[in-house]
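Student: no sequence for this one, just the structure:
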């Protein structure tokens, strides 16, 4: 006598189960797993206080760097005049350099157990760099505005580097000195060379 074959599930039920398995679950409740300003202690050899203090300094630098990054893109789009091509290209090169700094700063914050600022509204509330007007400005004014923003970041980075060095956070000190300072010092040099007396760039 032949062995009876097991009953197969209905095709419609199997299809429904498969669809359920791959259907995105969009019914998620909103909640924070870590509040801004809190530190998740990681095994990095630094105290929670040191990490918290470093994260605050890094987030300030991050907010200012994001602001400068976006200012470069604004001026890249809006620059006009006889040096249009030179400035258009330089602004975009400097923008890319600031993009790298943003990532370095944000990753340093996260690996210290903190939360990196990210959204435009939060950046606008935190940055110390003066907001430029929405409209177009002369190239000389763009250069001056960018140079002043760089200087503000440079001063802040030097002060922060000294503080984190005293607290024993060598990694953050390296970020402030090797990345933030050196990038901004180089870029501000390139900017200000466009404002020497022989330059056709004037307001």
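Tutor: Cool, got the structure. Since the structure is predicted, the reported quantities are computational estimates derived from the model, not experimental observations. Numbers count the residues shown, from 1 in each chain.

Student: For the rest of this, base every contact and every neighbour count on C-alpha atoms.
Tutor: Fine.

Student: Next, count neighbours for residue 86.
Tutor: 10 (other C-alpha atoms under 10 Å).

Student: swap that for residue 194, sorry
Tutor: Residue 194 is flanked by 20 other residues according to other C-alpha under 10 Å.

Student: ok, now residue 152?
Tutor: Neighbourhood size, residue 152 [other C-alpha under 10 Å]: 16.

Student: got a list of what the residue nearest in space to the middle of the chain touches?
Tutor: Averaging the C-alpha coordinates of the chain gives a centre point, and the residue nearest to it by C-alpha atoms, centre = their mean is residue 102 (3.1 Å). By C-alpha atoms under 8 Å, 6 or more residues apart in numbering, residue 102 lies in contact with 62, 65-66.

Student: quick one: which of those sit in strands?
Tutor: Taking DSSP state E, every one of the contacts of residue 102 sits outside strands.

Student: Which residue is the nearest non-sequential neighbour of residue 111?
Tutor: Once flanking residues are discounted, residue 111 sits nearest to residue 42: 8.0 Å by C-alpha to C-alpha, 6 or more residues apart in numbering.

Student: does that neighbour count as helix, strand or coil?
Tutor: Following DSSP: H, G, I helix; E, B strand; the rest coil, residue 42 is assigned to coil.

Student: Might one say that it is in contact with residue 110?
Tutor: No: contact between residue 42 and residue 110 fails when scored by C-alpha atoms under 8 Å: they sit 10.3 Å apart.

Student: Centre of the chain to the helix or strand of the chain with the lowest mean pLDDT, how far?
Tutor: The weakest-scoring helix or strand in the chain, judged by mean pLDDT, DSSP states H and E, is helix 11-22 (a mean of 74). Chain-centre distance of helix 11-22: 43 Å, with C-alpha atoms, centre = their mean, to the nearest Å.
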